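[1] Whatever this is, show me its structure:
(chains A and B)
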Amino acid sequence: MNEPVKKVAEIIPDEGIDAGLARLTEDRIENTILRVLNGETGARLKVYVETCIHCGLCSEGCHYYLSYDKDPRYSPAGKVKQTLWEMIRKKGRVDKAFMRQAVVIAATQCNMCKRCAMYCPFGIDVAYLMSVVRRITHLLGLTPQYIQATAHSHSVNMNQMWIKEDEWPDTLQWQEDEARSEIPHLRIPLEKEGADIMYSVIGPEPKFQAQLIYQAAVIMNVAGVNWTMPATPGWDNSDMAMFTGDNELMGRIKRVHFETAGRLKVKKIVMGECGHAFRSVYDMGNRWLGWKMPPIPVFHAIEFYYDMIREGRIRIAQKYAEPVTFHDPCNVVRGRGLHEKARYVVNAMCDTLIEMHPNREHNYCCCAGGGVINCGPPYKMVRIDGNRIKAEQLFAVKARGARTLIAPCHNCHSGLEDINHYYGLEMNIKFIGDILYQVMKKP
Amino acid sequence: MADTIAWDWQTGEKSIPVGNSNSRFEWVEEPYVSYDGERVASIVNIAEGEFTVCVNGQTWENPFEKIWHLRFTADDRLTALVSDAGEWTLAVDGVSWENRFGYVWNPLFSQDGRSIAVSFQQDRQYGMALNDVPWEETYGNLTDPVLSPDGNHTAASVQVIPTGEVEIRKFQQGTISAAKDGVVWDRPFVNVWRKAMNLNGDLAAEVRLTLYDYTIAVNGSPWEKTFGGVWEPIFHPISGAVIAPVRVKGKWYLAEEGRLLWSTPFDQLWHPVVSPDGKCIVAIVATGFGKWTVAVDGRAWRHVFSDFVTDMTFSSDSRKIAVIVKDKERWSIAVQGTAWNNTFDMIWKPVFSPDGAHVAAKVERGGKYTMALDDRLWRQDCEAAWDPLFSPDGTRLLVKTIEDGTYFRRVIPVGEFG
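    Prediction:
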C-alpha cells in the first residue's frame, strides 16, 4: 500500500475531446463561457466565487487529493482554480489547451460527491462549480467520447444502454419466467395502471444484471406490494446527460420518467440501488423541469427495504453470516441522509456489521460516480490510482474482520470492483438486494 | 369514443361474479372492463406456460403461451398481445392477427377504436403494423410510435444510418429520421421525438439538428428558426398550423410555425391543446419554480399548484377545462382554475358531461375507490373502479366497480351524489 502512485499520462487521447478541440476557435470559447456565466448562472456562483478564501480546508475532503499524495492540483479548490476561476478571471478568453485541461479535470477528476463541501467552512459546493465547467464543455462539444455516447443512447432510447423498446419488456418476461421456477405464481406486472408502486431501474440491469430484476420481483412478490413496471420508455431512471452538462436532454429524460409514472397513476416510484439516478430524479432533473420535488414521490431501494422489514412484510429466515461492512454512497447519504436506514436494513439481515472509517456522510467516494466511470477505459487508471485512499480504508476494515462489502449503488459497485481487483482486496461486493434475497423468508 | 346512445341506460344495476374465478384458474390477473360496462375480463393462467382470457366467465377458445397488455378498444373489442411457439402477435376477441413477429408491443388505438397499431420487431428489424398490415420497410431501431387520430396512418422515429454505440461524430451528423406508414423522410436528424399527425396525414415532430439546436419538422422540413428546446407539436384543427412549446433564453413560449404565438414566458410549458371549437389554445404551465397551473391563450389561471398538473380535458362545448392537480401531496381536480375541496390519494382523468355542466372522476382514498362528481362523493367504497361515463343526456352516470368479489354495472342519476 505504500508504493508510489503511478505516473499518469498528461494527455490521454479521447475522440470526444480531441475532435471537439479541432473545431474550436478562441472566440467561440469566449462566447460560450460568457453565455453560461452571464446567462445560466446567478447568485449561487457569485457567492461561491466571492466567498472562497482559498484556505485549502476542502483538500482533505477529496479522495483524489489524498490518493495523489496531496498534490494540490487534485484539491477541490485547485480544480476550481485550474478551471472556472481562470475562465472568470480572463473573462472567457482562454485557449484550447486550457479547455482540454478543464474538461479532463471536471469530467474525470471530480466525482461530484460533495464530500469537500462538508469540509469547507462556508459550505461551498465544488460539485456545482464543476457542473458549470461541464456545462461549458458540453456547449463547446468537448465531452469525453464514452459518456457522450451514453448521452446519445439516452437521447434515442431514453435509457443509457441502447436497449431497444422490445428488449425491455422481453427481458422482464424472461425474468418473470425464471422466477416462476422458484415462486410459481410470481408476476412482474407490466403497465398495471393504478398500482401503488412503479419500480424503476437503470439500463445496466436489463442489459447485464437481469438477476437484480429477478431478485426485486421476488422481494416485491413476497412483500405483497401492489406494483408495476412500465413497458414503455420511462422505465430507466438513470441520467448521464446530467453529468455531461446537457441539461436539456436531462430534462427530457426526466419528463418521460415522471410522466410515465403519472400515466400509470402510481402513488410512488421505488427505484433500484442506484445513486446517481436518485440524484437525477430527486434533485437535478425534476428541478430543471420546474418541479421543486419529484411530482410522484421517489423512494430509493434502501428506504423501501427499510419499510418492508420494519413493517414485517419481509422477514429474515437466517441472517447472513459472513461479517460485512457498508459503503455509504454519496447521492443517497450526503444527498438524502439514508445512512441510518441502511444500517437498520444491514443489521436486520446480517450477523455482523463492521464499520469502515470514515463512514456515513464522511465516507470516501467510490471514485466511479459523477459520470467518471462512464468516461470509459481511457481514464480507468486515473480513477483507480485516484482512489488509493479507498483501498486503504477497505484494507483497514478487512483487517478488522469484514469480508463482504455492501454498496447500494451501481456506480459504487463498479468502481469498488475495480479497486477490489487492482489492489487485491479480495472482498465480496454485494448489493443489499443480493443479500436480502438470499436471507429472506420465501414461500 | 363509441356512440353511447345505443348503450343500456335503463337498467339500474347489473352484476357479474368475478371472485369465483380464483378457484377455476391457477391465477387471475387484474380485471379490465369494457367501455359500455357489459364485459369484465382478465388474463388467467390455466397451466404451466398456458394462458387465456376470461370474459364474463367464459374463456377464449384458444390458449396462448403468454398474454399481456389486455385492453378494450373504444368500440369495445378486447385485445391482447399474445405469444405462441415463440412468435408474437395481437389477438382481438381471442382471434390472432395473421401476421406473426419476433415481438410486438405498445398497442395504439384510434379514437373510435376501429384501428389498432403495434410496434414490431422481426429478425432485429423494426416497424409498425396497422390493422394486421405491417410496414413494407423496416429499420434498425424504432421509437416514439404514433397512430393518427383517425386511425389511418402510423409513424415513428427510425434509425436510417447504422451507427456503432461509441461513434459519436457519426451520430451527431444525423442517423435518425421519421417514417410515416413505413416511408422515411428525406433527411436524417440527430434526434426525432414526439409527433403529431393531422387528418391529411401530415406529420410533425420534435427534432434536434445538432446537440444544441431544437426545432419542429413538418413532413421532414424543419422550421427555419431553432430553439434551446421544444416539446410536442400539435396541429391546429381549423387553421392547420403547427403549434409547439419552444425554449428561448431559458423560458418557455408557445410558438406557431416557428414564430412566438404567446408573448408570455413561462418556467415550463407543455401539453398544448386546442379547444374543440378551435377558438382557444391552452397548455399546462409553470409560472415559477414549483408553481403549476393552466394557461389559456397565454394567460395563466390565478391559482397555482405545487406538485403536478396533468390530464387536461375540455368540455365538448369548449367553455370549460378540467385538470388533475396535485398540491401539497394531495390529488384533486381543478375546474376553470378552482380546485375541489375534496382531496384524494389518487385521482383519474376528469370526465365532462355532454353539456359541460358536470365533471366526474374515479378517485381513491385509503385503498378504496369511488366516484366524485362536482366535488361530491358517491356513497359506495369499492375494491376496484373504472372511469365514469355520462349518459348522452347528461342526467345519469355509468359507474363500473367491483365490490366483495362481484362486478357491478350501475346507471346512477346524477342527483344521487352528495
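[2] Chain B versus the closest residue to residue A:327 other than its chain neighbours, what's the distance?
    Ranked by C-beta to C-beta, 6 or more residues apart in numbering or on different chains and with sequence neighbours excluded, the top spatial neighbour of residue A:327 is residue A:407, at 4.3 Å. Where you see a C-beta, it was placed from the backbone N, CA and C, and this is true even at glycine. Here residue A:407 is placed at a distance of 26 Å from chain B (C-beta to the nearest C-beta, to the nearest Å).
[3] So what's the predicted local confidence for residue A:407?
    As summarised for this prediction, residue A:407 has a pLDDT of 98.
[4] Who are the contact partners of the residue lying closest to residue A:351 once chain neighbours are set aside?
    In this structure, residue A:351 finds its nearest non-sequential neighbour in residue A:319, 4.8 Å apart by C-beta to C-beta, 6+ apart. Going by C-beta atoms under 8 Å, 6 or more residues apart in numbering or on different chains, residue A:319 touches A:349-351, A:439.
[5] do residue A:217 as well
    Contacts of residue A:217 (C-beta under 8 Å, 6+ apart): A:175-176, A:179, A:186-188.
[6] And the residue nearest to residue A:351, its phi and psi?
    With angles defined as degrees, to the nearest 10, residue A:319 sits at phi -60, psi 150.
[7] thinking again about what came up before, which one of the contacts of residue A:319 is nearest residue B:51?
    Minimum distance to residue B:51 across the contacts of residue A:319 is 32.9 Å, recorded for residue A:439 (C-beta to C-beta).
[8] Hmm, that closest one is touching residue A:320, no?
    Yes - shown here, residue A:439 and residue A:320 form a contact pair, counting by C-beta atoms under 8 Å, at 5.3 Å.
[9] hmm, back to that, from the contacts of residue A:217, pick the one nearest residue B:77.
    Set against residue B:77, the nearest of these by C-beta to C-beta is residue A:187 (25.1 Å).
[10] ok, for the closest one, nearest residue in space, not its chain neighbours?
    Closest to residue A:187 by C-beta to C-beta, 6+ apart is residue A:176, at 6.6 Å.
[11] can I assume the one you found sits in a helix?
    Yes - assignment of residue A:176 by DSSP: H, G, I helix; E, B strand; the rest coil places it within a helix.
[12] which residues does it contact?
    A:186-188, A:217.
[13] Where does the prediction get shaky in the chain?
    No chain was given, so I picked chain A. Across chain A, the ranges flagged by pLDDT under 70 are A:1-9.
[14] Correction: the question concerned chain B.
    B:1-2, B:418.
[15] And the helices in it?
    Assigned by DSSP state H, the helices in chain B fall at B:21-24, B:168-172.
[16] Against residue B:73, how distant is the closest residue to residue A:164 other than its chain neighbours?
    Closest residue to residue A:164 apart from its sequence neighbours, by C-beta to C-beta, 6+ apart: residue B:141 at 5.8 Å. According to C-beta to C-beta, to the nearest Å, residue B:141 and residue B:73 sit 28 Å apart.
[17] next one: residue B:391
    21 Å.
[18] tell me what the longest helix seen in chain A is packed against?
    The residue-count maximum for a helix in chain A (DSSP H) belongs to helix A:247-263. Helices and strands touching helix A:247-263, by 3 or more C-beta pairs under 8 Å, 6 or more residues apart in numbering or on different chains; DSSP states H and E, are helix A:145-157, strand A:197-200, helix A:241-244, helix A:285-289, strand B:308-314.
[19] quick revisit: mind picking the two most distant members of the contacts of residue A:319?
    Comparing all pairs in the contacts of residue A:319 by C-beta to C-beta, the longest separation belongs to A:351 and A:439, at 10.0 Å.
[20] Compare those two and say which is more crowded by neighbours.
    A direct count of neighbours by other C-beta atoms under 10 Å in any protein chain shown for residue A:351 and residue A:439 places residue A:439 higher, at 19 against 13.
[21] Kindly list the main-chain dihedrals of the more buried one?
    Residue torsions, per degrees, to the nearest 10, at residue A:439 are phi -100, psi -10.
[22] what does residue B:319 give?
    Phi and psi for residue B:319, reported as degrees, to the nearest 10, are phi -90, psi -20.
[23] Leaving out sequence neighbours, find the closest residue to it.
    Distances taken as C-beta to C-beta, 6+ apart put residue B:356 closest to residue B:319, at 5.7 Å, once the chain neighbours are dropped.
[24] Test my guess that that neighbour contacts residue B:313.
    No - contact criterion C-beta under 8 Å: residue B:356 and residue B:313 do not qualify, at 10.6 Å.
[25] Neighbour count: the two, which is higher?
    When neighbours are counted by other C-beta under 10 Å, residue B:356 and residue B:313 differ, and residue B:313 comes out ahead with 19 against 16.
[26] my read: the more buried one touches residue B:348, true?
    No - here residue B:313 does not reach residue B:348: they are 11.0 Å apart, not a contact under C-beta under 8 Å.
[27] Please report the distance of the residue nearest to residue A:351 from chain B.
    Applying C-beta to the nearest C-beta to residue A:319 and chain B gives a distance of 32 Å.
[28] what does residue A:309 give?
    Residue A:309 sits 22 Å away from chain B, going by C-beta to the nearest C-beta.
[29] Skipping adjacent residues, who's closest to the residue in the stretch 1-150 of chain A positioned nearest to chain B in space?
    Closest contact between the stretch 1-150 of chain A and chain B, by C-beta to the nearest C-beta, is at residue A:149 (4.3 Å). Computed as C-beta to C-beta, 6+ apart, the closest residue to residue A:149 that is not its neighbour in sequence is residue B:166, at 4.3 Å.
[30] Phi first, then psi, for the one you found.
    Torsion angles, degrees, to the nearest 10, at residue B:166: phi -110, psi 10.
[31] Which residue, neighbours along the chain excluded, lies closest to residue A:268?
    Residue A:268 sits nearest to residue A:297 (C-beta to C-beta, 6+ apart), 4.6 Å away.
[32] count of residues packed around whatever residue of the stretch 301-418 of chain B ends up closest to chain A?
    Closest approach between the stretch 301-418 of chain B and chain A, counting by C-beta to the nearest C-beta: residue B:308, at 3.9 Å. Counted with other C-beta under 10 Å, the neighbours of residue B:308 add up to 22.
[33] Help me confirm that it comes into contact with residue B:326.
    Yes - look at residue B:308 against residue B:326 with C-beta under 8 Å: they come within range, at 3.9 Å.
[34] overlap in contacts of the two?
    residue A:295.
[35] and the closest residue in space to residue B:206 that isn't next to it in sequence, what does it touch?
    Counting by C-beta to C-beta, 6+ apart, residue B:206 lies nearest to residue B:193, which is 4.2 Å off, once chain neighbours are set aside. Residue B:193 makes contact with A:252, B:144, B:157, B:205-208, B:232, according to C-beta under 8 Å, 6+ apart.
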